[in-house]
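> model the following, please.
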Amino acid sequence: MLAYVNDAEKKIYFEDEFVKSDFTIEESCEVIKKKTLDRHVEWTVADPSLHKRNAVTKIPDIQEFTKNGVPCIAGDNNKRGYNILKMFLKKDMIRINPKCRILIKQFKSLQWTDKTNDDCTDVARYISVRVHDLIFKWKDLPQEVEKKPPQPQPWNLNHIMFKRENQKSQVIDEIRSY
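As a prediction, the model looks like this:
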């Protein structure tokens, strides 16, 4: 998927697509380089599964892309990506060139719970999350709340439960002895 961002308009333009599953990484990189021509590419986002090691070379696929001139970062595959992409679509922040036929077809038939025939929409989601986090930094999207473990509370030796009628208790003396 070839996309660019217009900061002033706050829009993502999906300009071109390339979907070919039987290409080698080297062949895919050559197509990507031809499609981007002499443009400055700030980042390339890829499916997080590219961190897996190639069965033959034992090198992660993401390193193979870099070795072939297309440095990649793994896409954020968290559930918040669905909300970000939905928000971008609702706010008319995504423009798709008509020649991106597969992306358009997948958007038309997309079921958010379905995991088949959604490679292009997955890439659109990864791009949207990256753009959201790096460029737009919007605050109106509900973010996933991380559950933090409870923090231990510091001991207050002057607390009333450690005192008996204005006298230090034996408990305080025992704690201080440690």
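> mind showing which ranges of this protein have poor pLDDT?
Within the chain, the set of residues satisfying pLDDT under 70 comprises 112-117, 137-178.
> again, 50 this time
Within the chain, the stretches falling below the threshold (pLDDT under 50) are 139-142, 145, 155-157, 159-168, 171-172, 174-178.
> which stretches in it count as strands?
Defined through DSSP state E, the strands belonging to the chain, from first to last, are 2-6, 11-16, 45-46, 73-74, 94-96, 163-164, 167-168.
> distance to Leu37 added to those, as CSV?
Quick note: C-beta positions are derived from backbone N, CA and C, even for glycine. Listed next are the strands of the chain as CSV, based on distance: least, C-beta to C-beta, whole Å:
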stretch, distance to Leu37
strand 2-6, 10
strand 11-16, 11
strand 45-46, 19
strand 73-74, 21
strand 94-96, 20
strand 163-164, 77
strand 167-168, 79
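> His132 is nearest to which of those strands?
Within these, the stretch nearest His132 is strand 11-16; the backing value is 9.7 Å (C-beta to C-beta).
> ranking the strands of the chain by burial, who's on top?
When you average the neighbours per residue for each of the strands of the chain (mean count of other C-beta atoms under 10 Å), strand 45-46 leads with a mean of 19.
> who does that strand pair up with?
Sheet pairing for strand 45-46, assigned by DSSP bridges, gives strand 73-74 (parallel).
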